[in-house]
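K.L.:
sequence and predicted structure below; questions after.
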Amino acid sequence: MLINAVFQGGGMKGISLAGAVNAAEQNGVEFNRVAGTSSGAIVASLVAAGYTAQEMKEVIETTPFVRLLHRSPLFNVKWVGPAARIWLKKGLFSGEVLEQWVRGLLKAKGIRRFGDLAPGKLRIVASDITNGRIMVLPDDMERFNVEPSSFEVARAVRMSTSIPYFFDPVMLRLDAKRARGKPFAGQFVFIVDGAMLSNLPLWLFDQERAKPAEAIPTVGFQMVGKNDTKTSFIRGPLSMLQAIIDTMLSAHDERYIEQENRFRTVKIPTHGVRTTQFDITPEQSEMLYASGLQAGNDFFRNWSIASYQLQFKKLKLP
């Protein structure tokens with residue numbers, strides 16, 4: 001059974017997506033094209049590169065995620081340091097270590113550029129906050145005079161995972177033609193987490209389908225927080241900022257998903273784990289993985305291409 005998959009972003013909650021991939025494999029599902037936002041972009045890139053769910057689980061178990069949070073010791077001075085870094089760099093942490101981590105994982109499978117993958121295999125969503133528009137990578141790199149197939153996958157993932165004020169935004173410079181006449185500062189575009197504008201972009205592959213009967217189904221993998229009970233305690237400016245970030249990136253997805261897309265969405269409870277909880281415990285990590293596995297099995301055991309096509313026809317999706 002062949003599907004296109006779209007993986008939602010959710011920071012550390014994205015561990016649950018690996019469990020859902022395991023469930024898909026167990027139910028005979030194969031991935032045709034994949035797309036993702038933020039942590040979903042990490043999972044999508046690993047699936048595209050050929051990682052199995054078991055391999056992803058091993059990566060999760062052996063990665064001390066807190067080490068992905070990197071900044072100069074200068075910015076660790078209590079209160080003043082982090083605030084100064086946000087002022088100067090636009091983020092608490094650089095994001096470079098995360099990018100290097102993804103680069104190493106992809107390199108192990110012989111993947112560096114989008115051109116190393118089958119055409120259209122992987123799409124990654126980021127947010128261009130300078131122009132207020134969604135970026136679909138690698139295609140939209142043409143705006144910067146960059147050949148999409150030559151663009152590095154790890155860099156695209158880094159752009160998609162740039163949680164505002166948590167990781168530094170990625171800055172791209174306009175090509176000479178588009179930059180002409182603009183002041184120096186106006187020649188740069190700031191890119192942040194794709195979840196700002198489209199956290200579960202199911203529409204990505206709908207635009208390419210032919211007749212409903214011929215289309216490869218698109219399934220979304222969404223992390224839901226309706227079982228969350230944890231309250232954010234505000235102790236100062238930084239804890240308040242973290243609470244704002246968590247709410248901004250996830251609260252709008254915790255209430256509901258559009259009715260017309262429920263039939264093609266795997267909904268994974270995240271049990272109170274926060275988006276920026278990089279100090280996650282092994283027990284919490286295992287809980288997330290198991291939640292994804294359970295949700296995926298519940299979905300695919302009762303799902304068929306025939307019912308999918310019927311729903312498409314009834315709802316007249318594009």
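P.N.:
Ah, there it is.
K.L.:
dump the residue contacts of the nearest residue to residue 102 once chain neighbours are set aside.
P.N.:
What sits nearest to residue 102 in space, not counting adjacent residues and going by Cβ to Cβ, 6 or more residues apart in numbering, is residue 154, at 4.5 Å. (C-beta placed from N, C-alpha, C; glycine too.) Applying Cβ atoms under 8 Å, 6 or more residues apart in numbering to residue 154 gives the contacts 45, 99, 100, 102, 103, 106, 112.
K.L.:
repeat the analysis, applying 7 Å as the threshold.
P.N.:
99, 102, 103, 106 (Cβ atoms under 7 Å, 6 or more residues apart in numbering).
K.L.:
residue 169 now?
P.N.:
90, 91, 162, 190, 191, 192.
K.L.:
tell me the pLDDT at it?
P.N.:
You'll see residue 169 listed with a pLDDT of 90.
K.L.:
same thing with residue 190?
P.N.:
For residue 190, pLDDT reads 90.
K.L.:
try residue 211
P.N.:
For residue 211, pLDDT reads 49.
K.L.:
what do you get for the one 3 residues further on?
P.N.:
Predicted confidence (pLDDT) for residue 214: 55.
K.L.:
could you do residue 1 as well?
P.N.:
85.
K.L.:
that one and residue 31 touch, don't they?
P.N.:
No: counting by Cβ atoms under 7 Å, residue 1 does not reach residue 31; the two are 10.4 Å apart.
K.L.:
more neighbours: those two, which one.
P.N.:
residue 31 (17 against 13; other Cβ atoms under 10 Å).
K.L.:
correct me if wrong: the more buried one contacts residue 5.
P.N.:
Yes: with contact defined as Cβ under 7 Å, residue 31 counts as touching residue 5 (5.3 Å).
K.L.:
where exactly do the helices run in the stretch 151-300 of the chain?
P.N.:
153-160, 176-179, 203-206, 237-254, 282-300 (DSSP state H, counting those that start in this stretch).
K.L.:
what sits up against stretch 129-143?
P.N.:
114, 123-128, 148, 151, 156, 159, 189-192, 196-198, 204.
K.L.:
so how far is it off the chain centroid?
P.N.:
Remark: stretch 129-143 is offset 15 Å from the chain centroid, using Cα atoms, centre = their mean, to the nearest Å.
K.L.:
which parts of it are buried?
P.N.:
For stretch 129-143, burial by neighbour count (16 or more other Cβ atoms under 10 Å) applies to 129, 130, 135, 136, 137, 138, 140, 141, 143.
K.L.:
tilt between the helix or strand the fourth one falls within and helix 153-160?
P.N.:
Right, residue 136. Using DSSP states H and E, residue 136 falls within strand 133-137. Calculated by axes from the mean of the first three to the mean of the last three Cα atoms, to 10 degrees, strand 133-137 forms an angle of 160 degrees with helix 153-160.
K.L.:
pLDDT averaged over strand 133-137, what's the number?
P.N.:
Here the average pLDDT along strand 133-137 is 94.
K.L.:
need the pLDDT of residue 65.
P.N.:
So residue 65 comes in at 90 (pLDDT).
K.L.:
which residues does it contact?
P.N.:
12, 278, 280.
K.L.:
so which of those residues is the closest to residue 73?
P.N.:
residue 278 (18.2 Å; Cβ to Cβ).
K.L.:
quick check, that closest one in contact with residue 68.
P.N.:
Yes: taking Cβ under 7 Å as the definition, residue 278 is a contact partner of residue 68 at 6.5 Å.
K.L.:
the more surrounded of the two?
P.N.:
Neighbours were counted for residue 278 and for residue 68 using other Cβ under 10 Å; residue 68 has more, 20 against 17.
K.L.:
I'd like the distance between the more buried one and residue 173.
P.N.:
Taking Cβ to Cβ, to the nearest Å as the criterion, residue 68 is separated from residue 173 by 26 Å.
K.L.:
residue 274 too?
P.N.:
34 Å.
K.L.:
so those two - more neighbours on which side?
P.N.:
Between residue 274 and residue 173, residue 274 has the larger neighbour count (other Cβ under 10 Å), namely 23 against 13.
K.L.:
model confidence for the more buried one, exactly?
P.N.:
84.
K.L.:
low pLDDT regions in this structure?
P.N.:
Within the chain, the segments meeting pLDDT under 70 span 207-214, 226-260, 314-318.
K.L.:
buried ones in stretch 283-296?
P.N.:
284, 285, 287, 288, 289, 291, 292, 293, 294, 295, 296.
K.L.:
quick one: contacts for the first one?
P.N.:
Applying Cβ under 7 Å, 6+ apart, one finds that residue 284 lies in contact with residue 273.
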